[in-house]
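J.: Quick one, what's the 3D model for this:
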Amino acid sequence: MDTEHHFPWHALRRLPAAAVWAAAWAAMLALDGRVDLANLAMLPVLASALATLWLPIAPSLLLTLASVLAFNWAFVPPRHDFTVDLRQDALLLGAMLLVSALVAGLVARQRRLADSARHHAAQAEQLRRFAEALRDAEAPAQQGALLRQALQQLWGAEPALLLLQDALPDSDDPQAVLNLGTADADARAGLWQCLRQARAFGPGTGAHGELRQWYLPLRGRQAAFGAAVLALDALPPATHEVEALRRQAQALCDQAGLSLQRLQAQRAAERAREQAQAQGVRNALLAAISHDYRTPLAAILGAATSLLEQGERLTPAQRGRLARSIVDETTMLSRLTDNTLQLARLDAPGVQLRLDWESAEEIVGAVLRRVRPHDPGRRVRAWLAPGLPLLRCDALLLAQLLENLVDNALKYSEAPAPVELAVQPRPGHVVLAVRDRGPGVAPGWREKVFEVFQRGEP
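T.: You can find the predicted model right below:
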């Protein structure tokens, strides 16, 4: 036999009341004959008030009545008889009974109020802790697990949950929701109806009172974002606290619903930001293409038109300069196209860099070979520290990055100031730097220049 389960723990709560009455009767027997009857009568009144702190009101009143009768039997003349002298003792016994009943009633009422206040404080504390836990949860599954835990602590049985993962589908689609806990086909159908109608079902809810479950919606501000089902077998149907527990369970579900709505709003805002960012990148890409391609295309068109219309009147040297201009501008267009393609590649989701062990000397050599045609004054100088380690990188992207930096340095620094391309080892990494003698980047632009298609004032 499980003695812990069957031990009458409720009897222990009556021991202080029994001790109070025992002490009161011991005091009355000890004071009998030493104090008058009216003072002696104060002891059972006091004992009745104190015993009510631990006893329900009905047993307390019965015990008070029994104590008045016993007091009449033991101490009121004639003793050991229930006969009462109406002129001498009836008023005393009636006052004892009335005052004891009034005090017991007031104490019992205050105890009920104190118990109710403690109960409401415990519920408020549970809601506060649950809200703090929801605030740290970043996924519907985490929030659903927290709600299941809170409902199980409240109700004593594991609930089943149905949580929306995104917008409410037109039909019951299992892929659109997250199911937590075990629910049969009828319970799942009830959860879907509770979710769609955003109202509670079950006894005391005003809808489908014949059910033996509660279906509670996880309500947000305008709609439900999930539903929970609780079996009513966990508590007896006649328990007077069932309705209060249902209200507390609904409050927990509503907190979870608001939190799920917040998560959906955050995801929608993130999608909107991503779409706006993608649209901004596309707009900036088109603007950059139209701006940067205009100059070389105009130069190519001008040179080609001159060759076509005036080729016979031009000297060989002039035709050569026009041809070289076409080649140079076409090379520039090719580089711009490569940059644009690389940018589109890097901006694509799931991009993977082609990493390999590369030589810093070979990367710098490739950069110098590509920038020399644009550096007739030989301003670009390279300085590489001896004994450089291999670099694990995407050599094509790194060379293109350095080439763009060198081109900018040549463009925005005055000749004959040198442009230096330096490579130096550092503990755990290697520094590749491009230095020039230009005006530099204004303080207000030092963060913006790392954004896509930003161009500072020259």
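
J.: secondary structure element for the nearest residue to L180 once chain neighbours are set aside?
T.: Nearest residue to L180, sequence neighbours excluded (CB to CB, 6 or more residues apart in numbering): L161, at 4.2 Å. Heads up, the C-betas are built off the backbone N, CA and C, glycines and all. Using DSSP states H and E, L161 sits within strand 160-164.

J.: tell me how far that strand is from the chain's mean position?
T.: With CA atoms, centre = their mean, to the nearest Å as the basis, strand 160-164 stands 17 Å off its chain's centre.

J.: Send me that strand as PDB with only the CA atoms.
T.: Output in PDB follows, covering the C-alpha atoms of strand 160-164 (Å, rounded to 0.1, in the frame of the first residue of the first chain):
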ATOM      1  CA  ALA A 160      -2.200  18.800 -26.900                       C
ATOM      2  CA  LEU A 161      -1.500  21.900 -28.900                       C
ATOM      3  CA  LEU A 162      -1.900  23.000 -32.500                       C
ATOM      4  CA  LEU A 163       0.200  26.100 -33.500                       C
ATOM      5  CA  LEU A 164       0.000  28.100 -36.700                       C
END
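
J.: buried stuff in whichever helix or strand comes after that strand?
T.: For strand 160-164, the following helix or strand on the C-terminal side (DSSP H and E) is strand 177-180. Buried residues in strand 177-180, counted by 16 or more other CB atoms under 10 Å: 177-178, 180.

J.: now swap in stretch 415-433 and tell me
T.: The neighbour-count check on stretch 415-433 (16+ other CB under 10 Å) flags 419-421, 423, 432 as buried.

J.: and if you look at stretch 118-133?
T.: Buried residues in stretch 118-133, counted by 16+ other CB under 10 Å: 123, 126-127, 130, 133.

J.: And for stretch 33-51?
T.: In stretch 33-51, counting by 16+ other CB under 10 Å, buried: 40-41, 43-45, 47-51.

J.: what's the answer for stretch 61-69, then?
T.: Quick answer for stretch 61-69 (16+ other CB under 10 Å): 61, 63-64, 67-68.

J.: now swap in stretch 198-211 and tell me
T.: Of all the residues in stretch 198-211, those buried under the rule 16+ other CB under 10 Å are 198, 200-203, 205, 211.

J.: Please state the mean pLDDT value computed over that stretch.
T.: Computed over stretch 198-211, the mean pLDDT rounds to 84.

J.: How far does it sit from its chain's centre?
T.: Worked out by CA atoms, centre = their mean, stretch 198-211 lies 30 Å from the chain centre.

J.: Same question for stretch 77-93.
T.: 73 Å.

J.: Kindly report the same for stretch 386-402.
T.: 42 Å.

J.: Can I get that stretch in CSV, CA atoms only?
T.: Taking Å, rounded to 0.1, in the frame of the first residue of the first chain, the C-alpha atoms of stretch 386-402 are listed here in CSV:
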residue,chain,number,x,y,z
PRO,A,386,59.5,37.9,-47.4
GLY,A,387,58.3,34.4,-46.4
LEU,A,388,54.6,35.0,-46.8
PRO,A,389,52.3,32.0,-46.0
LEU,A,390,49.8,30.6,-48.3
LEU,A,391,46.3,32.2,-48.1
ARG,A,392,43.1,30.2,-48.0
CYS,A,393,40.8,32.4,-50.1
ASP,A,394,38.9,32.8,-53.4
ALA,A,395,41.8,34.0,-55.5
LEU,A,396,39.6,35.5,-58.3
LEU,A,397,37.5,37.6,-55.9
LEU,A,398,40.5,38.7,-53.9
ALA,A,399,42.4,39.8,-57.0
GLN,A,400,39.3,41.6,-58.3
LEU,A,401,38.9,43.4,-54.9
LEU,A,402,42.5,44.6,-54.9
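
J.: and the residue nearest to L180, what are its bridge partners?
T.: With DSSP bridges as the criterion, L161 is bridged to L180, A228.

J.: and it, what is it in contact with?
T.: The contact partners of L161, taken as CB atoms under 8 Å, 6 or more residues apart in numbering, are 144, 147-148, 178-181, 191, 218, 226-228.

J.: What pLDDT is listed against it?
T.: Listed pLDDT for L161 reads 89.

J.: In terms of secondary structure, what does the host helix or strand of R262 contact?
T.: Assessed by DSSP H and E, R262 sits inside helix 242-310. Counting contacts by 3 or more CB pairs under 8 Å, 6 or more residues apart in numbering; DSSP states H and E, helix 242-310 packs against helix 90-136, helix 140-155, strand 160-164, strand 213-219, strand 224-231, helix 316-347.

J.: Next, format those as JSON lines and append distance to A74.
T.: Formatted as JSON lines, the helices and strands packed on helix 242-310 follow (distance: least, CB to CB, whole Å):
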{"stretch": "helix 90-136", "distance to A74": "12"}
{"stretch": "helix 140-155", "distance to A74": "50"}
{"stretch": "strand 160-164", "distance to A74": "62"}
{"stretch": "strand 213-219", "distance to A74": "55"}
{"stretch": "strand 224-231", "distance to A74": "55"}
{"stretch": "helix 316-347", "distance to A74": "98"}
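
J.: can you tell which of the ones you listed is closest to A251?
T.: Nearest of these to A251, taken as CB to CB: helix 90-136 at 6.1 Å.

J.: angle of that closest one against helix 242-310?
T.: Compare the direction of helix 90-136 with that of helix 242-310 by axes from the mean of the first three to the mean of the last three CA atoms, to 10 degrees and you get 20 degrees.

J.: which helices and strands does helix 90-136 pack with?
T.: On a contact count with 3+ CB pairs under 8 Å, 6+ apart, helix 90-136 meets helix 37-51, helix 57-75, helix 140-155, helix 242-310.

J.: roughly how far is it from the heart of the chain?
T.: The chain centre lies 36 Å from the centre of helix 90-136; the measure is CA atoms, centre = their mean.

J.: any idea how far L211 is from M28?
T.: 57 Å (CB to CB, to the nearest Å).

J.: relative to strand 160-164, how tilted is the helix holding R262?
T.: 30 degrees.

J.: Return the residues in contact with A269.
T.: Listed by CB under 8 Å, 6+ apart, A269 has no contact partners.

J.: again with A38
T.: Shown in contact with A38 (CB under 8 Å, 6+ apart): L92.

J.: now with 10 Å?
T.: Each residue near A38 by CB atoms under 10 Å, 6 or more residues apart in numbering is listed here: 92, 95-96.

J.: One more: W21?
T.: Going by CB under 10 Å, 6+ apart, W21 touches 43-44, 47-48, 50-51, 55, 63, 66-67.

J.: ok, those vs D328, which is closest?
T.: D328 has its nearest neighbour among the contacts of W21 in L55, at 104.1 Å by CB to CB.

J.: Done for today, thanks.
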